[in-house]
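Q: pasting a predicted model and its sequence here:
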There are 2 protein chains.
Amino acid sequence: MARSAHQRLVCAVMAGGSGTRFWPLSRKGEPKQLLRFFGDSTLLRATVDRIAPICPPERRLVITAAHLVDAVRDVLPELPSAHVIGEPAPRNTAPCMAVAAMVAQSLDPDAILVLLPADHWVADANAFQRALLRAAEAADDGQIVTLGVVPTQPETGYGYIEQDGPALDGVARVARFVEKPDLARAVQFLQGGQHLWNAGVFVVRADRARQAIDRYVPDIGKALAELRNHAVGGEAWHAVLKVAFPHCPNVSIDYGVMEHETEIAVVRLDAGWSDVGTWHSILGLRPAGAANFTYGPVLTIDSDQCVVISKGPFVAAVGLHNVAVVATDDATLVLPLDRSQDVRQVVAEVTARGRADLL
Amino acid sequence: MARSAHQRLVCAVMAGGSGTRFWPLSRKGEPKQLLRFFGDSTLLRATVDRIAPICPPERRLVITAAHLVDAVRDVLPELPSAHVIGEPAPRNTAPCMAVAAMVAQSLDPDAILVLLPADHWVADANAFQRALLRAAEAADDGQIVTLGVVPTQPETGYGYIEQDGPALDGVARVARFVEKPDLARAVQFLQGGQHLWNAGVFVVRADRARQAIDRYVPDIGKALAELRNHAVGGEAWHAVLKVAFPHCPNVSIDYGVMEHETEIAVVRLDAGWSDVGTWHSILGLRPAGAANFTYGPVLTIDSDQCVVISKGPFVAAVGLHNVAVVATDDATLVLPLDRSQDVRQVVAEVTARGRADLL
């Protein structure tokens, strides 16, 4: 009897991010996906726990930056050690898809690959699992299936997926991908009901993933050609990967593959979702009814809509509104949440002052 | 030939304060007068340097809390060790005046005592010295002379001295002391020109100081009676002080003495003065033209009228207006400067949470 799409799932978590948008909490050695400020879990751990009920450990992969491999293994001790794969250089998500598809096929020639970011937040794990299984079924006929989050506000910080016609049983064809809109368009999108937030999740048969990569970004296949001569996941394979991977072009799945692919579907996801992109987005993750998002030894007095986080020092925030106060042992950031983007400016200035030790 | 008032000066710095208005910078073991955030000097050191040109080390005293004696000696190594006197319990300023007068007379039977707070700020040291010398001359006829700061704004945070008639050669009689006024009265005071800020400085002949204390607060004399049987400043004297001092009533010079005394004068001081009472007052001490008061490894971007101080961690303040950000290795405070008074509330809450280790 043919195995179901569910039984053929291989989940690959993309955990290569190394951003500084959460400085001073996020550091080179401790990027966003490894931060702990939701209870005692990391976003990576939460991401894996979210797919755990539909995908056993031996069918899970994590693809991360080489210098984070040990940290990832510490967070996910249940994963086979060879299933944590280090990228020796950042090359965005398309090369990651190629490697994941290769490994998935070695585990299961009929694998249906789920590629998902390590650092997103989802309120309703069950709904997320149902969406992935629906996507896997849809992917079985050869489409690349994305998850599209039903918008809850006119968000200008996300890319959108425009669906083509009505969804059938939760699945719709994709008309096009749309860049981050201005507020007026975002309002239209929200009202129109045909636009969904691009959650950066892709579900695709492993063989189709490789085919698409070879077709649209052939340089990736060329760079990784030597890998075919070695047992996937073995020592030699890892050694070759280390040398070959940096030769891949730096390109995302969205630009490298999806822009060209025509067989694309989207599964609508209505589960409470955030890309956890900025300090401002953290505010949205506070418990219902809470005035502020707080973590660690912090005290808030007469403050509301603030993000107050400490990884060490005691922090007292008095009389603040819509401000982030983030303290670690060696650095503290205070900025209005509507200026969350300016963390970038701070990081640039910290670098300019020769304090790269703080990054 | 009779010695001048100047030659007979003995300056006693009152350094007993242990407030928490500058938490988290000020701590039990490091109160305001011992903080460093003006260059590398402490307010205590600056206070002593300010009177140094008119009063040699052997005629200077510091009266402080017993647990701060060593720290004070470290800051003022030029002082004879016996000239740093520790109060075994806080009893406000009147008992301090009694002890200072006693020690001053032992150094010079004709001493004119200058009692001054350790933790104020003065821009123009020369003007301050001139005012003290003028006060010393005026005190020579038996008056208690105060310094009254010419107001520069309708300040509601200070006590006032109302002068009685015009000043003659900078000295006026005192009509009365006035409690902190509301804003309307403070505006009247500023416009009227007869009200001066009470700078907490007293200049008085040592014999007259003892007389006034004995007359108006006789319990102090009783508590300290046993001291008369020992050589002032000697080991036995210090031992007796330790036992006797806590028996003194807890009373200020203003309430215990000045309210009752009739022979009072005030010398007008126009020198740039602050009692450095709150984080808000620190803002007023920033260099001319500076947008913010900053100290330590701090970065300000698009911020103005802020106080940003770090004793350790790197602090980045972005897009803030009129906010204090104060960071130490174990505690950080963020509050709008117009809520500077609420540091008290923070300290109470820190105590309530069992974190007295942070105070």
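A: Received it, and whenever you're ready, just let me know what you need.
Q: state the distance from A:Leu34 to B:Leu285.
A: Using CB to CB, to the nearest Å, we find A:Leu34 at a distance of 42 Å from B:Leu285. (Glycine included, C-beta is placed from N, CA and C.)
Q: ok, those two, which is more surrounded?
A: Taking other CB atoms under 10 Å in any protein chain shown, A:Leu34 and B:Leu285 do not tie; A:Leu34 has more neighbours (23 against 16).
Q: enumerate every residue touching the closest residue to the more buried one other than its chain neighbours.
A: Across the structure, with CB to CB, 6 or more residues apart in numbering or on different chains as the measure, the residue nearest A:Leu34 apart from its sequence neighbours is A:Thr42 (5.2 Å). By CB atoms under 8 Å, 6 or more residues apart in numbering or on different chains, the contact list for A:Thr42 reads A:33-36, A:75.
Q: inside helices: which ones of the residues you listed?
A: Counting by DSSP state H, those place A:Val75 in helices.
Q: kindly present the contacts of A:Thr42 as CSV, with separate columns for pLDDT and distance to A:Ala327.
A: Written out in CSV, the entries for the contacts of A:Thr42 read as follows (pLDDT from 0 to 100; distance: CB to CB, whole Å):
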residue, pLDDT, distance to A:Ala327
A:Gln33, 92, 21
A:Leu34, 91, 18
A:Leu35, 88, 14
A:Arg36, 82, 15
A:Val75, 95, 23
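Q: from the contacts of A:Thr42, which would you call buried?
A: When the contacts of A:Thr42 are checked for burial by 16 or more other CB atoms under 10 Å in any protein chain shown, the buried set is A:33-36, A:75.
Q: on the three-state scheme, the closest residue to A:Arg176 other than its chain neighbours is what?
A: The shortest distance from A:Arg176 to any residue that is not its chain neighbour, by CB to CB, 6+ apart, is 5.1 Å, and that residue is A:Glu162. Applying DSSP: H, G, I helix; E, B strand; the rest coil to A:Glu162 yields a three-state assignment of strand.
Q: pLDDT score assigned to A:Glu162?
A: The per-residue pLDDT reported for A:Glu162 equals 96.
Q: point out where the stretch 1-150 of chain A drops to low pLDDT.
A: Low-confidence segments of the stretch 1-150 of chain A, defined by pLDDT under 70, span residues A:1, A:38-39.
Q: my read: A:Ala271 touches A:Ala127, true?
A: Yes - taking CB atoms under 8 Å as the contact criterion, A:Ala271 and A:Ala127 are neighbours in contact, 3.8 Å apart.
Q: kindly report the residues of the stretch 201-350 of chain A close to chain B.
A: Contacts of the stretch 201-350 of chain A with chain B, taken as CB under 8 Å from any CB of the partner chain, map to A:297, A:299, A:301-302, A:310, A:312-320, A:323, A:325, A:327-336, A:339, A:342, A:345-346, A:349-350.
Q: which among those residues end up buried?
A: Buried by 16+ other CB under 10 Å: A:297, A:299, A:310, A:312-320, A:323, A:325, A:327-328, A:330-336, A:339, A:342, A:345-346, A:350, out of these.
Q: get me the contact residues on the stretch 51-200 of chain A for chain B.
A: When proximity is defined as CB under 8 Å from any CB, the stretch 51-200 of chain A does not approach chain B at any residue.
Q: now the stretch 51-200 of chain A against chain B: closest residue?
A: Evaluated by CB to the nearest CB, the stretch 51-200 of chain A has A:Gly157 as its residue closest to chain B, separated by 18.3 Å.
Q: so who does that residue touch?
A: A:Gly157 sits in contact with A:180, A:275, A:277-278, A:281, where contact means CB under 8 Å, 6+ apart.
Q: which member of those residues is positioned nearest B:Asp254?
A: Of all the contacts of A:Gly157, the one sitting nearest B:Asp254 is A:Thr278; the distance, using CB to CB, is 53.3 Å.
Q: pretty sure the closest one contacts A:Gly19?
A: No - the pair formed by A:Thr278 and A:Gly19 falls short of the contact definition of CB under 8 Å, at 10.1 Å.
Q: tell me which of those two has more neighbours.
A: A:Thr278 (19 against 15).
Q: tell me how far that one lies from chain B.
A: Taking CB to the nearest CB, to the nearest Å as the measure, A:Thr278 and chain B are separated by 13 Å.
Q: so what pLDDT did that residue get?
A: Confidence at A:Thr278, expressed as pLDDT, is 90.
Q: same thing with the one 5 residues further on?
A: We have a pLDDT of 94 for A:Leu283.
Q: do you know how far it is from chain B?
A: Shown here: A:Leu283 relative to chain B, a distance of 16 Å by CB to the nearest CB.
Q: what sits against that residue?
A: A:Leu283 makes contact with A:292-293, A:305-307, A:322, A:337, according to CB under 8 Å, 6+ apart.
Q: sorry, back to before: for the residue nearest to A:Leu34, which residues make a bridge with it?
A: Beta-bridge partners for A:Thr42, by DSSP bridges, are A:Arg36.
Q: which of the contacts of A:Gly157 are buried? Put it as a PyMOL command.
A: Restricted to the buried members of these, where burial is judged by 16+ other CB under 10 Å, the PyMOL selection command reads as follows:
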select buried, chain A and resi 275+277+278+281
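Q: A:Tyr160 against A:Leu190, yeah?
A: No - distance between A:Tyr160 and A:Leu190: 10.1 Å, which falls outside the contact criterion (CB under 8 Å).
Q: these two - which one has more neighbours?
A: A:Tyr160 (23 against 15).
Q: what is that one paired to in the beta sheet?
A: For A:Tyr160, the beta-bridge assignment (DSSP bridges) gives partners A:Val178, A:Trp197.
Q: tell me how far it lies from A:Asp119.
A: The gap separating A:Tyr160 from A:Asp119 is 20 Å, by CB to CB.
Q: assign A:Arg173 to helix, strand or coil.
A: Following three-state DSSP, A:Arg173 is assigned to strand.
Q: residue contacts, A:Ala5?
A: If you count contacts by CB under 8 Å, 6+ apart, A:Ala5 has them with A:112, A:133, A:136-137, A:139-140.
Q: could you single out the nearest of these to B:Asn229?
A: Lowest distance from B:Asn229 to these (CB to CB) belongs to A:Leu133, with 94.1 Å.
Q: all helices of the stretch 201-350 of chain A, in order?
A: A:206-216, A:218-223, A:235-244, A:253, A:279-283, A:343-352 (DSSP state H, counting those that start in this stretch).
Q: what comes up buried for the longest one?
A: Residues A:206-210, A:212-213, A:216 are the ones in helix A:206-216 that count as buried (16+ other CB under 10 Å).
Q: same check on the third one?
A: For helix A:235-244, the buried set under the neighbour-count rule, 16+ other CB under 10 Å, comprises A:237, A:240-241, A:244.
Q: I'd like the average pLDDT over it.
A: Averaged across helix A:235-244, pLDDT comes to 94.
Q: give the next helix or strand downstream of that helix.
A: Taking DSSP states H and E as the definition, the helix or strand that follows helix A:235-244 towards the C-terminus is helix A:253.
Q: check the offset of that following helix from the chain's centre.
A: 12 Å (CA atoms, centre = their mean, to the nearest Å).
Q: over to stretch A:237-250?
A: Distance of stretch A:237-250 from its chain centroid, counting by CA atoms, centre = their mean, is 22 Å.
Q: for it, give me every contacting residue.
A: Stretch A:237-250 is contacted from outside by A:66, A:82, A:85, A:87-92, A:94-95, A:98-99, A:217, A:219-220, A:222-227, A:229-231, A:256, using CB under 8 Å, 6+ apart.
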